[in-house]
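A.B. asks: Curious how this folds, go ahead:
(one chain, ligands or ions: 3)
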Amino acid sequence: MRLFAFWSLAAVATLASAAHLPPRNYSTHDYYAIHITSSTSPAELAAHLGMTHDGPFTALEDHHVFKAPKNDNDIVNDAVQELKRRRRKREASPEYHVLDSVRFTQKQKLKPRHWKRDAIPDAQVERIVRQNGNVADPSAVTSQREIARTLNIKDPIFDEQWHLFNTQTPGNDINVTDVWLQGITGKNITACIVDDGLDMHSADLKDNFYPEASYDFNDHTPLPEPRLSDDRHGTRCAGEVSAGKNDACGVGLAYDSRISGVRILSGDISDMDEALAINFELQRNDIYSCSWGPPDDGRTMQAPGILIERAMITATQKGRAGKGSIYVFAAGNGAAADDNCNFDGYTNSIYSITVGAIDKNNLHPYYSEACSAQLVVTYSSGSGDSIHTTDVGANKCTAQHGGTSAAGPIAVGVFALVLSERPELTWRDMQWLTVLTAVPFDQPSDWTKTPGLGRSFSHQFGYGKLDAWAIVDKAKTWELVKPQAWFYSPWMHVKQAIPQGDKGLASVYEVTEQMLKDANFGRVEHITVTMNIAHDRRGDLSVELISPQGMTSHLSTARRDDNAPYGYVDWTFMSVAHWGEKGIGKWTVIVKDTKVDDKAGTFTDWKLKLWGESIDASKATLRPLPKEHDDDDHDKIDEHPAHTTSITLPSGTPISANPSDMPSRPVNQKPTNTGQAATTSTATTPSSSGSVSATSSPENFLPSPFPTFGVSKRTQVWIYGSIGLILVFVASLATYFYLARRKRLRSSRDNYEFEILDDAEDEEGGARTGMLNGAAAGRQGRRARRGGELYDAFAGESDEDLLSESEDGDAPYRDRDESPYDEKAQTGGSDAGGSSASGGSTGKRQ
Ligand SMILES: *[C@@H]1O[C@H](CO)[C@@H](O)[C@H](O)[C@H]1NC(C)=O
Ligand SMILES: *[C@@H]1O[C@H](CO)[C@@H](O)[C@H](O)[C@H]1NC(C)=O
Ligand SMILES: *[C@@H]1O[C@H](CO)[C@@H](O)[C@H](O)[C@H]1NC(C)=O
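C.D. replies: Ligands and ions are numbered 1, 2, ... in the order given. As a prediction, the model looks like this:
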């Protein structure tokens, strides 16, 4: 307690920000999360709707909690729709009405509980590899004793805590003791265990427990006490992070840190409760430890609802005085059920650090999920041992903590050490430091040297195992990264059947240097791909992403138990495998239907987003909060150019991540997008130009591309690769006329243009190794003809730049000047919580 005596004073003044919200009781009331315009009085809205205003969200600006007596209807959405209807019929005045202040509303539904990630799905049986006797190395034991003596560690199970100092398989530990010897022990940093409670009475935790940063969102009491018989998980995780140096059990990684608890796993909650929980005390809690998530059953595909997503973004923008809260998620335990952490919208969020497990022999434990969103691994159960830590009870320990649940908090402890040394690091610096210091190890996996940073990445182990000493050491002199920037591609409309078996359907989008410059985008950190695939059996699908520099991310993998009779619905996959790449060039998505059977599907569309470091920090902006249907602009096909062509991979094409064999792949593919060209050719109709000009910002796209308009360089690039970049120019009316004139001028030169291109292709093909191998010659004629068709349909290469620019510059800001009803109208309250309401449903996230 002494540690935060000084905090308590401040704490009393502003005590328990959750306490300002009365406890919720879902059996007597309905709850609504409503986002209103800042100038509106919540009381006025409440009065109009006959509701009670419980109070504002703690962190989400202008979001409020309202309640009303239980009713089957969504009274807020109904009222808004009714007002709209009456206005249409001119029965209601178009003048301001208090309902016009509603920007978003969501009636809250209790959701299925998350799984704790120490639970291993029943179907999976551990192959116990008992070690022969667990023999300790005598010299390692001597060093361990010496360290304990120097640091005055007298904790009775310290010598069992192999993850801290391993005497049996020396070196297979978190490498923390020399960090402690430097006096770095987590002082002044708080980790918050978001879980099933935290035993603050435990002798091992009570001195570090931080009550003012804790709350129970299940029973609505200030202290998150474990009350159910199986409420042990949170306490065990807490012990790994912050068990004190004392005479109880062992020590935590950051034994002088503070530890808080937010209890959400021991009862039913809604999205609103979860959003409040993960935003709880953003200025007191530095790191949120989340060892849970949607079921790891190999059948579930679930993402956080929009409120939770907004909460995470808000935390990275406002938490820790603007440096950004650190979220750590356990990767998931479904590997034996073919599960993959990219089917979990928490672990595949760019705002969370996903931590998988290895066991004490550096082996991959059968449960730990792989995915392209996994950043790092650390120690947990397997090879006959588990993590030894604090348990519920005055002085109780356990030797049974395991699963990726136990790996996550070890990373949390390490990050607490890093922050205590460099509190000013941002949430992205923590990810950079992890990428740069994680240690690859000698286990067979798909280790690949990343083209951007030359680090080794494996989908099973991320960038390797966390090393406490290495990351703290690097943090000491680390120069903070510049603020975040992003670049969004338009929707790429593919709309083609996916071939079955070894074949794949590829779609390509090319990012130019200018696009990234205009987006103030310097280098890649995260990549996300949002996509729609219609399929009779979701588990048959797999998706790869190949970067311009030749790195392959396996965005999704086939899952034997996933029988969902639809494919991916607006699902966003994430990859950290492209960290440090430039991002310029062709990004290829390859969709496969791995089973040859009667269950087939269509690749509908996709959208690429690059997230990374800005070029000019002074021009960086904060990402606006996403709207619920941010990406629901697929059907506006006429407003978006298809910069893509779809190609069928030759059967048996290996998807390796070897950069050197990448450039040849797209060229081996057979262009099949005649239909595509036909569809997109409608994009140059005057009506569509008109509609885009309405949402485009003229100063964004007019100046720079215009001078380059007549240059055919980019057309050449497009054709060389035999990846038709289909170009559409859609902009302001003035631009349209300009374009039309150009097109007229050019139509007389069509033949000439294409002869030139064919020649150039031969030259360039020879120059680029392997780009145009054997098949190319035979296809030449066809390609030229196809190019001609495309050329006729689409005006000119610069259109692409123009359009992407307006798209890019525009999209992130839409939220700001949206009409008040935008989100609302689409939300339909009762279905708003639906994305996370049923296990196994498709979730939707930005
Ligand atoms: C909710 O209200 C009902 C009826 O008043 C009561 O029986 C129940 O205990 C309350 N539940 C909670 C969690 O307060
Ligand atoms: C502890 O952290 C707070 C911010 O959380 C900071 O204001 C304060 O200066 C820190 N104290 C020490 C001793 O580092
Ligand atoms: C582990 O820590 C030691 C210092 O105690 C350091 O020399 C070593 O490099 C660290 N291991 C790695 C992989 O960085």
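
A.B. asks: Next one: the residue of the chain found nearest ligand 1 relative to residue 70, how far apart?
C.D. replies: Residue nearest to ligand 1 within the chain: residue 25 (3.6 Å; CB to the nearest ligand atom). Placement of C-beta: from N, CA and C, glycine included. For residue 25, the distance to residue 70 equals 10 Å [CB to CB, to the nearest Å].

A.B. asks: Also residue 470?
C.D. replies: Following CB to CB, the distance that separates residue 470 from residue 70 is 55 Å.

A.B. asks: Which one of the two is surrounded by more residues?
C.D. replies: Counted by other CB atoms under 10 Å, residue 470 and residue 70 do not tie: residue 470 has more neighbours, with 17 against 10.

A.B. asks: The one helix or strand that one maps to: which residues count as buried?
C.D. replies: Under the criterion of DSSP states H and E, residue 470 resides in helix 468-476. By neighbour count with 16 or more other CB atoms under 10 Å, helix 468-476 contains the buried residues 468, 469, 470, 471, 472, 473, 474, 475.

A.B. asks: Which one of these is nearest to residue 568?
C.D. replies: Taking CB to CB as the measure, residue 568 lies nearest residue 471 of these, at 34.6 Å.

A.B. asks: Now the residue nearest the centre of the chain: closest residue in space that isn't a chain neighbour?
C.D. replies: Among the residues of the chain, the one closest to the centroid is residue 349, at 1.8 Å (CA atoms, centre = their mean). The shortest distance from residue 349 to any non-neighbouring residue, by CB to CB, 6 or more residues apart in numbering, is to residue 312 (6.2 Å).

A.B. asks: Surely that neighbour is in contact with residue 351?
C.D. replies: Yes. Between residue 312 and residue 351 there is a contact at 4.5 Å, judged by CB atoms under 8 Å.

A.B. asks: what's the overlap in contacts for those two?
C.D. replies: Counting by CB atoms under 8 Å, 6 or more residues apart in numbering, the shared contacts of residue 312 and residue 351 are residue 327.

A.B. asks: Name the nearest residue to the residue in the stretch 201-350 of the chain that ligand 3 sits nearest to, ignoring sequence neighbours.
C.D. replies: Using CB to the nearest ligand atom, the single residue of the stretch 201-350 of the chain nearest to ligand 3 is residue 253, 14.2 Å away. In space, residue 253 comes closest to residue 413 once its chain neighbours are excluded; the distance is 2.4 Å by CB to CB, 6+ apart.

A.B. asks: Next, see if the helix or strand containing the one you found gets close to ligand 3.
C.D. replies: Remark: residue 413 resides in helix 404-421, with elements defined by DSSP H and E. No. Using CB under 6 Å from any ligand atom, helix 404-421 never reaches ligand 3; the gap is at least 12.2 Å.

A.B. asks: how far off helix 468-476 does that helix point, in degrees?
C.D. replies: Angle of helix 404-421 versus helix 468-476, following axes from the mean of the first three to the mean of the last three CA atoms, to 10 degrees, is 40 degrees.

A.B. asks: tell me the mean pLDDT over helix 404-421?
C.D. replies: Mean pLDDT, helix 404-421: 98.

A.B. asks: Ok, stretch 501-517 next?
C.D. replies: On average, stretch 501-517 scores 96.

A.B. asks: what's the answer for stretch 287-297, then?
C.D. replies: Stretch 287-297 comes out at a mean pLDDT of 97.

A.B. asks: ditto for stretch 441-453
C.D. replies: So the average pLDDT for stretch 441-453 ends up being 97.

A.B. asks: Contacts for that stretch next, please.
C.D. replies: By CB under 8 Å, 6+ apart, stretch 441-453 touches 358, 362-364, 435-436, 440, 455-461, 464-465, 523-524, 547, 549-552, 577-582, 657-659.

A.B. asks: got the residues of this protein near ligand 3?
C.D. replies: 175, 178, 439, 467, 469, 470.

A.B. asks: and those residues as CSV, adding distance to ligand 1?
C.D. replies: Output for these, formatted as CSV (distance: CB to the nearest ligand atom, whole Å):
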residue, distance to ligand 1
175, 46
178, 49
439, 47
467, 45
469, 47
470, 47
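
A.B. asks: where in the chain is pLDDT low?
C.D. replies: Low-confidence segments of the chain (pLDDT under 70): 1-19, 119-134, 629-846.

A.B. asks: coming back round to it: for the residue of the stretch 201-350 of the chain closest to ligand 3, helix, strand, or coil?
C.D. replies: Recorded secondary structure, residue 253: coil (DSSP: H, G, I helix; E, B strand; the rest coil).

A.B. asks: pretty sure it contacts residue 415?
C.D. replies: No. Contact criterion CB under 8 Å: residue 253 and residue 415 do not qualify, at 9.1 Å.

A.B. asks: Can you check my assumption that residue 64 lies in a helix?
C.D. replies: No. Per three-state DSSP, residue 64 lies outside any helix segment and is strand.

A.B. asks: Tell me who's in contact with it.
C.D. replies: Counting by CB under 8 Å, 6+ apart, residue 64 touches 33, 34, 35, 36, 42, 53, 54, 55, 56, 57.

A.B. asks: so what's the fifth one closest to, chain neighbours aside?
C.D. replies: The shortest distance from residue 42 to any residue that is not its chain neighbour, by CB to CB, 6+ apart, is 4.4 Å, and that residue is residue 53.

A.B. asks: Using the three-state scheme, assign that neighbour.
C.D. replies: Of the three states, residue 53 takes strand under three-state DSSP.

A.B. asks: Distance check, it against residue 32.
C.D. replies: For residue 53 relative to residue 32 (CB to CB), the value is 10 Å.

A.B. asks: what residues are shared contacts of those two?
C.D. replies: With CB under 8 Å, 6+ apart as the test, residue 53 and residue 32 both reach 65, 66.

A.B. asks: Helix or strand: which one has the residue of the stretch 101-250 of the chain found nearest ligand 3?
C.D. replies: Distances between the stretch 101-250 of the chain and ligand 3 by CB to the nearest ligand atom are smallest at residue 178, namely 3.2 Å. Per DSSP H and E: residue 178 is located in helix 177-181.

A.B. asks: Many thanks, we can stop here.
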